[in-house]
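In: I would like the atomic coordinates for the input below:
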Amino acid sequence: MGEHGKRSGKVYLVGAGPGDAGLITVKGMRCLQEADVIVYDRLASPRLLQMSKQDARRIYVGKLPDRHAMKQPEINQLLVTLAQEGLNVCRLKGGDPCVFGRAAEEAALLKANDIPYEVVPGVTSAVAVPAYAGIPVTHRDWASSFCVITGHETPDKLEARVEWEKLSAAADTLLFLMGVANISTIAEQLMRCGRSADTPVALIRWGTRAEQATIVATLATVVEEVARTGFTSPAIIVVGDVVRVREQMAWVEQLPLFGQRILVTRTREQSQSFVRMIEEAGGEPYELPVIQTVMPTTEEDNQLIEQTMMRLSEYQWLVLTSENGVRFWMEHMKRTRTDIRRLAHMRIVAVGPKTAEAMSDFGIVPDLVAEQFCQEGVWDIISPLIQKGDKVLLARGDLARTWLAEQLREAGVHTDELTTYQTILPQYEDAHILEMFEEGGIQIVPFTSASTVTNLLQLLKQLGAEDPVNLVNRARIVCIGNVTAERARDAGIRVDAVAQSSTMEEMFDTIVSLVNDRCDITTAVKS
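Out: Numbering: from 1, shown residues only. So this is what the prediction gives:
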């Protein structure tokens, strides 16, 4: 029990894995998603935070430009205090919490205060990061053992605390975590204690993340190579013959989107397949949904929807303009208890194959599908068939263009526009997105609609950006269709490529082509 008899919460000491959000364990993900509070540091993937509950508190205990990192005793006490408030806490640590993660210190204070806790092991960076660089820590021919050593000490402490004579011969592969600043001491001591000067050495920075970079040298040359390349932490140092395997086993660097962090601005429900495509191509998706679709909020809109549902027999045509349009249309039918059979006499038009696919989930097969995912595409397929005097119902979001309705009315077609959902800017906090833009940590920004352009700029401004357009222009910009590209250019954004077919598959292919300099003039449109 906590203070005043209040039942305490529970603390989960969770290993976040080495950086790639996909490498967290199933149990670690469950703890993250169920926690009331996330306490994290810079080695935990920012993307993991986006997978927590929307109302979860996120407390960063690492170093920021305007303050030092929270000291370990303060972190220990913070965990106790939060649990005593009755909150379930996820202490998210990079790698494994018990491999130089100071989990024992946190657990000791929790136990002293009768706070229940669990340790959830994670994938340690000591093994995973070399694997992402194509280096196994063991090998049948070259290494039957490995040893993990902290390199995060001052040089004098490192020399005093490490028994170099024993270490040098203790294992075939030596793995130093956070030791770049001490690379000179490490190399000198190992050579002094018997390791050959031509022993291969690899340094891997930010392994498994978009910033992953690797250099290879020998014990004799590694200090000079680090200085020449300006190589910095956080990095893992691998010493041993297993480094030679990298020439055959390097895999992630061969993927077409390696090194690319791609901002995903669509709603989480809409972006799952796109995120998966990015991951499979070696890119790192960073989800920052800048649009949220909600039911209409005004009484006037809802009354109009109810009235329209009662008059469906008057319409010959129903046009649904997006996956969201389908989902909200069916929700309104359910809410108003409208029988699906009342659509039987209507010709139903889907804007794009994804909209048609969404219809099929409800057992509806559209009569017409506009392959071009825009209002112009609908006009192209509907205009030869529609007759003067027909009645058309356009069910769409509040931000949809009026172009199609105007074309239909000019053709003598009675057209009603029904707003079935609203698109809003979600309430969102992200302590790192501005910093990532400023430091070049976002390489690609795909815009999937005109509203994502407007909302991203608005969101960045709300988060404190003085010049959101300048921040966005530090990345390469890809737009889905010309309408979105025009909106981006009007806002001052440089557009690097335009996906001419308005599907996420074409968007993905355009990004891959841009990254690999394979865009032609029909796909890449420079402003």
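In: which element is Thr214 on?
Out: Using DSSP states H and E, Thr214 sits in strand 213-218.
In: Which SSE is immediately downstream of that strand?
Out: Note on strand 213-218: by DSSP H and E, the next helix or strand toward the C-terminus is helix 222-229.
In: angle of that following helix against strand 213-218?
Out: 140 degrees (axes from the mean of the first three to the mean of the last three C-alpha atoms, to 10 degrees).
In: average pLDDT for helix 222-229?
Out: Helix 222-229 shows a mean pLDDT of 96.
In: How about stretch 258-271?
Out: Mean per-residue pLDDT for stretch 258-271: 86.
In: chain center to it: distance?
Out: Distance of stretch 258-271 from the chain centroid (C-alpha atoms, centre = their mean, to the nearest Å) equals 6 Å.
In: buried sites along it?
Out: Buried positions in stretch 258-271, judged by neighbour count with 16 or more other C-beta atoms under 10 Å: Phe258, Gly259, Gln260, Arg261, Ile262, Leu263, Val264, Thr265, Arg266, Thr267, Gln270, Ser271. Where C-beta positions appear, they are placed from N, C-alpha and C, glycine not excepted.
In: Of those residues, which belong to strands?
Out: Arg261, Ile262, Leu263, Val264 (DSSP state E).
In: Could I get the buried residues of stretch 258-271 in a markdown table, plus columns for distance to Gly492?
Out: A markdown table is the format used below for the buried residues of stretch 258-271 (distance: C-beta to C-beta, whole Å):
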| residue | distance to Gly492 |
| --- | --- |
| Phe258 | 30 |
| Gly259 | 27 |
| Gln260 | 24 |
| Arg261 | 23 |
| Ile262 | 21 |
| Leu263 | 18 |
| Val264 | 22 |
| Thr265 | 17 |
| Arg266 | 22 |
| Thr267 | 25 |
| Gln270 | 26 |
| Ser271 | 25 |
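In: and which of those residues is nearest to Asp361?
Out: Checking the buried residues of stretch 258-271 against Asp361 by C-beta to C-beta gives Gln270 as the nearest, at 13.9 Å.
In: Excluding chain neighbours, what is closest to the closest one?
Out: Residue nearest to Gln270 in three dimensions, not counting chain neighbours: Glu323, with 6.6 Å by C-beta to C-beta, 6 or more residues apart in numbering.
In: which residues does the one you found contact?
Out: Glu323 sits next to Gln270, Lys354, Thr355, Glu357, Ala358 when contact means C-beta atoms under 8 Å, 6 or more residues apart in numbering.
In: what kind of secondary structure is Ile236 in?
Out: Under DSSP: H, G, I helix; E, B strand; the rest coil, Ile236 falls in the strand class.
In: Can you report how many residues neighbour it?
Out: Counted with other C-beta atoms under 10 Å, the neighbours of Ile236 add up to 30.
In: got it, and Thr124?
Out: Thr124 has 22 neighbours, counted by other C-beta under 10 Å.
In: Please verify my assumption that it contacts Gly94.
Out: No - using C-beta atoms under 8 Å, Thr124 is not in contact with Gly94, being 9.5 Å away.
In: shared neighbours of these two, anything?
Out: Gly15, Pro18.
In: which residues touch the closest residue to Gly17 other than its chain neighbours?
Out: Residue nearest to Gly17 in three dimensions, not counting chain neighbours: Leu23, with 3.6 Å by C-beta to C-beta, 6+ apart. Counting by C-beta under 8 Å, 6+ apart, Leu23 makes contact with Gly17, Val123, Ala128, Thr208.
In: please redo it, this time with the cut-off set to 10 Å
Out: By C-beta atoms under 10 Å, 6 or more residues apart in numbering, the contact set of Leu23 is Gly15, Ala16, Gly17, Ser45, Gly95, Gly122, Val123, Ser125, Ala128, Tyr132, Thr208.
In: what's the farthest-apart pair in the residues you listed?
Out: Greatest spacing in these, by C-beta to C-beta: Gly15 and Tyr132 (16.5 Å).
In: Can you pick out the residue with more neighbours from those two?
Out: Neighbour count, other C-beta under 10 Å: between Gly15 and Tyr132, Gly15 has more, with 28 against 22.
In: what's around Ala376, how many residues?
Out: Careful, residue 376 is Glu and not Ala. Glu376: 16 surrounding residues under other C-beta under 10 Å.
In: What mean pLDDT does stretch 238-250 get?
Out: Stretch 238-250 comes out with an average pLDDT of 96.
In: and what of stretch 436-448?
Out: Stretch 436-448 comes out at a mean pLDDT of 93.
In: what do you get for stretch 144-164?
Out: In the prediction, stretch 144-164 has an average pLDDT of 78.
In: hmm, back to that, read off the pLDDT value for the residue nearest to Gly17.
Out: Note for Leu23: predicted pLDDT of 95.
In: what's the spacing between it and Leu288?
Out: Distance, Leu23 to Leu288, using C-beta to C-beta, to the nearest Å: 21 Å.
In: And for Met178, the neighbour number?
Out: For Met178, the count of nearby residues is 18 (other C-beta under 10 Å).
In: Surely it is in contact with Ile237?
Out: Yes - judged on C-beta atoms under 10 Å, Met178 makes contact with Ile237 at a distance of 9.1 Å.
In: tell me, what's touching these two both at once?
Out: Residues touching both Met178 and Ile237 by C-beta under 10 Å, 6+ apart: Gly151.
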